[in-house]
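J.: Okay, sequence plus prediction incoming.
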Amino acid sequence: AGPAGVRRYVAAAGMAGWPVLSEPHGGARYGDNAMAAYHHLLGTPEFAEAHRPDVVVTLGRPSLSKSLLAWLPQAAEHIVVAPDLTRWPDPTRSATQVAQAVEIPVAAGDDAWLASWRRADAAARAAVDGVLDGSGLSEPRLARDLADLLPAGSLLLVGSSMPIRDLDQAMRPRRGLRIMANRGVAGIDGVVSTALGAALAHNGPAFALMGDLTFLHDQNGLVLGPLEPRPDLCLVVVNNDGGGIFSMLPQAALRDPFERVFGVAHGVDLAYLAAATGTPYTSVSEPEQLDKALRGSGVRIVEVRTDRAANAELHAAVREAAGAAVRAALSG
């Protein structure tokens with residue numbers, strides 16, 4: 001469904017008392033029914049078990065949260081909304097119906113189901129925010145704060161791997177922000193060029209959030225001919241000197257082989273790379289510096305340097321805090 005279709009279903013869910021679980025680029029993370037912490041809710045077994053739905057309706061292709069993908073098949077009925085009834089997204093192979101549109105019934109007055117979701121979501125979000133607020137300018141805090149700071153009418157293009165996942169797990173509900181991401185093959189090729197093209201087509205300020213490997217894979221996207229149009233685009237690059245997502249996986253314990261095969265540190269100084277293309281560059285190390293660094297015009301780069309090992313530890317702390325908060329909300 002396009003943006004108008006998504007808004008229609010969000011409005012229907014509001015009247016029906018249905019929770020809305022939206023990936024950042026799904027365009028539905030706003031309003032009272034948006035469950036921003038759904039990944040942590042469904043990643044807590046006690047909550048997922050107690051909240052098996054009778055009916056779930058999906059628009060688009062869920063791809064970010066393993067806990068969501070594990071929970072979808074638990075629904076008694078899973079309706080996939082797809083404009084083309086010959087092809088539809090169903091990564092969990094759990095669809096019981098495929099339809100071009102669905103009528104969501106208005107609630108009969110029992111709001112206990114929605115209240116339970118809201119209570120757990122509020123608890124998880126408070127726990128996540130508490131950890132992130134004490135983490136300095138960490139990767140998930142950068143994603144959260146970036147989504148908060150961008151002016152209404154902005155475009156945010158998000159790279160694959162950890163940036164889109166950090167945004168998914170930390171972004172607060174809000175309106176006025178158009179988020180895009182390459183979630184087909186979820187690759188890191190051509191993201192700088194994609195951001196430039198999207199910014200040129202967007203009527204308003206544009207921003208992009210990506211990792212260092214994603215940026216380096218398409219650094220030539222910054223080489224623009226003298227007669228080419230230049231968009232208003234701020235490229236925010238998280239530089240943890242390698243592939244940070246792999247530090248979350250079991251192979252991180254292999255140390256030296258891991259660093260060469262998965263960590264793939266590159267040691268590139270992005271300030272020099274920016275200078276080579278005449279692109280304005282700013283380095284940010286504190287949360288308070290971010291708002292000012294984002295301002296400007298034309299194509300520009302903001303770099304935030306982080307540490308892969310510390311980032312993995314922070315993600316573990318966030319999971320633990322969110323899970324404890326959800327379990328407390330269930331028993332409260």
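T.: Okay, I see it.
J.: any idea what H39 is structurally, helix, strand or coil?
T.: Going by DSSP: H, G, I helix; E, B strand; the rest coil, the secondary structure assigned to H39 is helix.
J.: Can you check the pLDDT for the nearest residue to it once chain neighbours are set aside?
T.: Once its chain neighbours are removed from consideration, H39 has its nearest residue in S65; the separation is 4.4 Å (Cβ to Cβ, 6 or more residues apart in numbering). All C-beta spots, glycine's among them, are computed from the backbone N, C-alpha and C. As summarised for this prediction, S65 has a pLDDT of 94.
J.: Could you measure from S65 over to P83?
T.: For S65, the distance to P83 equals 24 Å [Cβ to Cβ, to the nearest Å].
J.: More neighbours: these two, which one.
T.: Neighbours of S65 and P83, each counted by other Cβ atoms under 10 Å, are more numerous for S65; the result is 19 against 11.
J.: doesn't D168 make contact with that one?
T.: Yes: with contacts defined as Cβ atoms under 8 Å, S65 counts as touching D168 at a distance of 6.6 Å.
J.: what do those two both touch?
T.: Taking Cβ atoms under 8 Å, 6 or more residues apart in numbering as the contact criterion, the residues that touch both S65 and D168 are E23, H39.
J.: Break down the stretch 101-250 of the chain into its helices, ranges please.
T.: Counting by DSSP state H, counting those that start in this stretch, the stretch 101-250 of the chain has these helices, from start to end: 112-133, 139-149, 162-170, 191-201, 212-217.
J.: So which bits of stretch 209-222 are buried?
T.: Buried residues in stretch 209-222, counting neighbours by 16 or more other Cβ atoms under 10 Å, are found at L209, M210, G211, D212, L213, T214, F215, L216, H217, D218, G221, L222.
J.: Leaving out chain neighbours, which residue sits closest to the last one?
T.: If the residues on either side of it in the chain are set aside, L222 comes closest to T277, at 4.3 Å by Cβ to Cβ, 6+ apart.
J.: what about that neighbour, how many residues close to it?
T.: Residues within reach of T277, counting by other Cβ under 10 Å, total 15.
J.: The one 4 residues further on too?
T.: As a burial measure, the neighbour count of Y281 was computed by other Cβ under 10 Å and equals 17.
J.: Distance-wise, check it relative to G296.
T.: Relative to G296, Y281 is positioned 11 Å away (criterion: Cβ to Cβ).
J.: Next: R319.
T.: In this structure, R319 and G296 are 35 Å apart, going by Cβ to Cβ.
J.: Considering only helices and strands, which part of the protein has the lowest mean pLDDT?
T.: Ranked by mean pLDDT, DSSP states H and E, the weakest helix or strand in the chain is helix 256-258, scoring a mean of 73.
J.: hang on, isn't F215 packed against L270?
T.: Yes: with the criterion set as Cβ under 8 Å, F215 and L270 qualify as a contacting pair; they are 7.4 Å apart.
J.: Excluding covalently adjacent residues, which one is nearest to P205?
T.: For P205, ignoring the flanking residues on the chain, the nearest one in space by Cβ to Cβ, 6+ apart is S154 at 5.0 Å.
J.: In the stretch 151-300 of the chain, where is pLDDT below threshold?
T.: Under the criterion pLDDT under 70, the flagged ranges of the stretch 151-300 of the chain are 184-186, 244, 246-249, 252, 258-260, 263.
J.: Check which residues of whichever strand or helix holds F47 are buried.
T.: According to DSSP states H and E, F47 maps onto helix 45-50. Within helix 45-50, the residues that count as buried by 16+ other Cβ under 10 Å are F47, A48.
J.: What lies in contact with that helix?
T.: The set of residues external to helix 45-50 that reach it, using Cβ under 8 Å, 6+ apart, is L41, L42, S67, A70, W71, Q74, S116, A120, V326, R327, L330.
J.: can we see that at 7 Å?
T.: Around helix 45-50, the neighbours that count as contacts under Cβ atoms under 7 Å, 6 or more residues apart in numbering are L41, L42, W71, A120, V326, R327, L330.
J.: who are the neighbours in contact with the fifth one?
T.: V326 makes contact with H40, L41, T44, F47, A120, A123, A124, according to Cβ under 7 Å, 6+ apart.
J.: Could you do the last one as well?
T.: Counting by Cβ under 7 Å, 6+ apart, L330 makes contact with E46, F47, A50, A120.
J.: and which of the buried residues of stretch 209-222 is nearest to Q251?
T.: Nearest to Q251 among the buried residues of stretch 209-222: L213, at 16.7 Å, using Cβ to Cβ.
J.: That closest one is in contact with I245, isn't it?
T.: No: contact between L213 and I245 fails when scored by Cβ atoms under 7 Å: they sit 9.7 Å apart.
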